[in-house]
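A.B. asks: I would like the atomic coordinates for the input below:
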Amino acid sequence: MTTTTPLPRTGAAPGAWPLLGHAWQLHSRPLEFLSSLPAHGDLVRIGMGPYPAYVVCGPEAAHRMLTDSRTFDKGGPFFDKARVLFGSSLPMAGWREHRWQRRQMQPAFQPERIDAYAGVMGEEIDRMTAGWRPGMRFDLTASLTTLTLRIVTRSVLAAEAEDEAVADVQHSLHTVIDGIYQRVMLPLGPLYRLPTPGNRRYRSACTRLHRAIDGIIAERRASPGGDDLVAMLLEARDEDTGEPLSDKDIRDQLVVMSGAGFETTANSLAFAFWLLSQHPEAEKRVHDEVDRTLAGRTATPADLDGLDYTRRVVHEVLRMYPPGWFFTRVTTTETTLAGHRLPAGTALLYSAYLLHHRPDLFPDPERFDPDRWLEGSDCPRGAHVPFGGGNRKCIGDQYALVEMTMALASVCARWSVQPDPGATLRVQVRGTLGPGRLFMTCRPRGTAGDG
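C.D. replies: The predicted structure is shown next:
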């Protein structure tokens, strides 16, 4: 993949509205608006309501921002709103807190732990497909959402997937994530305190979600032990005071891990099945590979080396439709980025979608091409950031990649899923990118009998 990196340029986005700035464009057509910004520079000034912010459009600037967390700390419009729900949990914490939190939680995502989680992944993949019948039409996104929630519940939360608390987590998270997204994109301040039906649903979902996670924590305190994330958080001690984490601190970590660990993965898998259904040659290459490697059985981590093309499919899906499509940072001191002087407290926004769809970085960016990721392909640093970068890179990136590759390969080893004739994909832009309801029909593959 031949690419060129443009010289740093700065500019301002046109079309700001009084009071709202560019918030309406970000709310009504976010992907189109963001994709238009690189034409104005590598660092582009926009308005988030009445407040200015800069969108990082160049890969070198993105790389520097992501790898210098002391200068470009978590903060800005997105995180200020999200902290209301997620507190100072790992993705929200400032760089000082983050170092300690990461050390406490990293063991839960070491390769040997992911191998153990993979057993749960395989069981739940089998459970999902066990109910499929030849010619059955169903909402694939909904099935995959249930799959990934059950996996994160059993592996990361170490809770039984049938628990009432888990059902409350599932039902609440969608409303909560949507509510935070709306409050970021349309910063209407006092209007969100009015007793409107939407505001009441959001507050009720937050309360229900907190109550459910608190119940899981209480159960584990009553029956301590284990080597899962909940156990690690219960045993953690503040490095300065030696005090254990409060229930609220633990709840914040579990809420954000639950939210990050199921909807994002489910949406990426749904996009993957859709893209394969639209590209028969790619689907055939996946089928040929899983037939050689799996011969109709469920994948395990030991199979990953034989699933090279399937893994490239996953990487290309994450390029085209990164679930975490935008985030913000804030400068902690005066600094220079992309040749532009920024005072302390400057809000920055970066978008994986924007970077992944720059044609100078990824030629013909709307084309689905897993072979972009062949070994030796040239990808500038800071250009492909579906999990962020630097020491703030998503702690569960390898967990997610293993889960997506195993699920995609295992399903394709037995089934082909196809959309209705004439169906089209409508990308839904919320707190994450998703395909919405995606009705597909499953057909058994010849190598796996009748499924």
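A.B. asks: how many other residues sit next to W415?
C.D. replies: W415 has 19 neighbours, counted by other Cβ atoms under 10 Å. Quick note: C-beta positions are derived from backbone N, CA and C, even for glycine.
A.B. asks: Check whether it really touches T441, as I assumed.
C.D. replies: No. W415 is beyond contact range of T441, at 10.1 Å (criterion: Cβ atoms under 8 Å).
A.B. asks: hey, where'd the helices end up in the stretch 201-350 of the chain?
C.D. replies: Residue ranges of the helices in the stretch 201-350 of the chain, as given by DSSP state H, counting those that start in this stretch, are 229-235, 247-278, 280-293, 308-320.
A.B. asks: Export the ones you listed as TSV, with columns for mean neighbour count.
C.D. replies: Converted to TSV, the helices of the stretch 201-350 of the chain look like this (neighbours: other Cβ atoms under 10 Å):
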stretch	mean neighbour count
helix 229-235	19
helix 247-278	23
helix 280-293	17
helix 308-320	23
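A.B. asks: And these: which comes nearest I46?
C.D. replies: The closest of the helices of the stretch 201-350 of the chain to I46 is helix 308-320. By Cβ to Cβ, the value is 23.8 Å.
A.B. asks: Put the alpha carbons of the closest one into PDB.
C.D. replies: Provided in PDB are the C-alpha atoms of helix 308-320 (Å, rounded to 0.1, in the frame of the first residue of the first chain):
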ATOM      1  CA  ASP A 308      -4.700 -15.100   8.500                       C
ATOM      2  CA  TYR A 309      -7.200 -14.000   5.900                       C
ATOM      3  CA  THR A 310     -10.000 -14.000   8.400                       C
ATOM      4  CA  ARG A 311      -7.900 -11.700  10.600                       C
ATOM      5  CA  ARG A 312      -7.300  -9.400   7.700                       C
ATOM      6  CA  VAL A 313     -11.000  -9.200   7.200                       C
ATOM      7  CA  VAL A 314     -11.400  -8.100  10.800                       C
ATOM      8  CA  HIS A 315      -8.700  -5.400  10.500                       C
ATOM      9  CA  GLU A 316     -10.400  -4.100   7.300                       C
ATOM     10  CA  VAL A 317     -13.800  -4.000   9.000                       C
ATOM     11  CA  LEU A 318     -12.200  -2.000  11.800                       C
ATOM     12  CA  ARG A 319     -10.700   0.400   9.300                       C
ATOM     13  CA  MET A 320     -14.000   1.000   7.400                       C
END
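A.B. asks: The helices of the stretch 201-350 of the chain: lowest mean pLDDT?
C.D. replies: Out of the helices of the stretch 201-350 of the chain, helix 229-235 stands lowest, with a mean of 87 (criterion: mean pLDDT).
A.B. asks: what helices or strands is that one leaning on?
C.D. replies: If contacts are counted by 3 or more Cβ pairs under 8 Å, 6 or more residues apart in numbering; DSSP states H and E, helix 229-235 sits against helix 95-105, helix 197-222, helix 247-278.
A.B. asks: How about the contacts made by the closest residue to A158 other than its chain neighbours?
C.D. replies: In space, not counting the residues next to it along the chain, A158 is nearest to D228; the distance is 3.9 Å by Cβ to Cβ, 6 or more residues apart in numbering. Applying Cβ atoms under 8 Å, 6 or more residues apart in numbering to D228 gives the contacts 108, 155-158.
A.B. asks: So which of the residues you listed sit within helices?
C.D. replies: S155 (DSSP state H).
A.B. asks: Give me the pLDDT for H22.
C.D. replies: 68.
A.B. asks: I meant to write A295 there.
C.D. replies: Predicted confidence (pLDDT) for A295: 94.
A.B. asks: What number of residues are in the vicinity of it?
C.D. replies: Using other Cβ under 10 Å, A295 is surrounded by 10 other residues.
A.B. asks: and it, backbone torsions?
C.D. replies: phi 50, psi 40 (degrees, to the nearest 10).
A.B. asks: Turn the helices and strands packed on helix 229-235 into CSV, including distance to E112.
C.D. replies: Listed next are these as CSV, based on distance: least, Cβ to Cβ, whole Å:
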stretch, distance to E112
helix 95-105, 15
helix 197-222, 22
helix 247-278, 19
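A.B. asks: residues in contact with T432?
C.D. replies: 177, 263-264, 267, 323-325.
A.B. asks: swap the cut-off to 10 Å and go again
C.D. replies: By Cβ atoms under 10 Å, 6 or more residues apart in numbering, the contact list for T432 reads 177-178, 181, 259-260, 263-264, 266-268, 321-325.
A.B. asks: Nearest to W132, out of those residues: which one, please.
C.D. replies: Closest to W132, out of all of these and judged by Cβ to Cβ, is A266, at 16.5 Å.
A.B. asks: distance of the closest one from A93?
C.D. replies: 26 Å (Cβ to Cβ, to the nearest Å).
A.B. asks: How much space separates the residue nearest to L149 when sequence neighbours are not counted from L34?
C.D. replies: Leaving aside its sequence neighbours, L149 sits nearest to F262 (Cβ to Cβ, 6+ apart; 4.3 Å). Between F262 and L34 the computed distance is 25 Å (Cβ to Cβ).
A.B. asks: What residues sit buried inside stretch 103-122?
C.D. replies: Neighbour-count burial for stretch 103-122 flags 104-105, 108-109, 113-114, 117-118, 120-122 (criterion: 16 or more other Cβ atoms under 10 Å).
A.B. asks: same question, stretch 91-103
C.D. replies: Applying 16+ other Cβ under 10 Å to stretch 91-103 flags 91-95, 98, 101 as buried.
A.B. asks: and it, what's its mean pLDDT?
C.D. replies: On average, stretch 91-103 scores 81.
A.B. asks: Over to stretch 156-173?
C.D. replies: 71.
A.B. asks: The buried residues of stretch 91-103 into CSV, with extra columns for distance to H287?
C.D. replies: Converted to CSV, these look like this (distance: Cβ to Cβ, whole Å):
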residue, distance to H287
P91, 37
M92, 42
A93, 43
G94, 47
W95, 45
H98, 42
Q101, 42
